[in-house]
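[1] Requesting a structural model of the entry that follows:
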Amino acid sequence: MNRKSLIIAGAAAAVLGATAAGGAAWAHHAFAAEFDGKAPVLLRGKVTRVEWINPHAWVHVNVTGEDGKTVEWMVEGGTPNTLLRSGIDRNSLKPGTEVIVRGYQSKDKLCRPACKANGRDITFADGRKVFMGSSGTGAPKDGADPSER
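    Down below sits the predicted model:
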């Protein structure tokens, strides 16, 4: 391969690498892609499990409605690292922990297989309130995000 061919091959590899990285960033959605900023929810219930996965942790909460029926909600939080920095860890979100989550419902209101929401903050039985969202995602500015202050 001559020098000119090597330069062209290197440039092509750089473009492909940038395109692949852009695709990964694109896969990480903005708030408005999945959630409705005009559909706030206040969920009171017990944690059933937590998925400590990237790019967002998911807190599963069983919420009993006024009709007595229990509905499972999947609440999206920030990254596991973001939650840890906020003071939320495996010990604070054990199954059976009673919580109140304030957030916004997904655009898909069918709730199958579970209702989904983006969590802004979570309040524990002892009254401790912690921000659980992801900064800069496009969620409504409501004062819950410490970066908004």
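[2] what bits of the protein have low per-residue confidence?
    Per-residue confidence for the chain (pLDDT under 70) gives these ranges: 1-29, 134-138, 143-145, 148-149.
[3] so where do the helices sit in it?
    Assigned by DSSP state H, the helices in the chain fall at 3-27, 31-34, 80-86.
[4] what comes up buried for the last one?
    Buried positions in helix 80-86, judged by neighbour count with 16 or more other Cβ atoms under 10 Å: 80, 82-83, 86. Glycine gets a C-beta too; all of them are placed from N, C-alpha and C.
[5] repeat for the shortest one
    Neighbour counts over helix 31-34 (16+ other Cβ under 10 Å) mark residue 31 as buried.
[6] Against which helices or strands is it packed?
    With contacts taken as 3 or more Cβ pairs under 8 Å, 6 or more residues apart in numbering; DSSP states H and E, helix 31-34 sits against strand 115-124.
[7] got the angle for the lengthiest strand in the chain vs strand 115-124?
    Taking DSSP state E as the criterion, the chain has its longest strand at strand 35-51. Relative orientation of strand 35-51 versus strand 115-124 (axes from the mean of the first three to the mean of the last three Cα atoms, to 10 degrees): 70 degrees.
[8] quick one: the nearest residue to residue 107 once chain neighbours are set aside and residue 93, what's the gap?
    Distances taken as Cβ to Cβ, 6 or more residues apart in numbering put residue 36 closest to residue 107, at 5.1 Å, once the chain neighbours are dropped. Distance of residue 36 to residue 93, computed by Cβ to Cβ, to the nearest Å: 25 Å.
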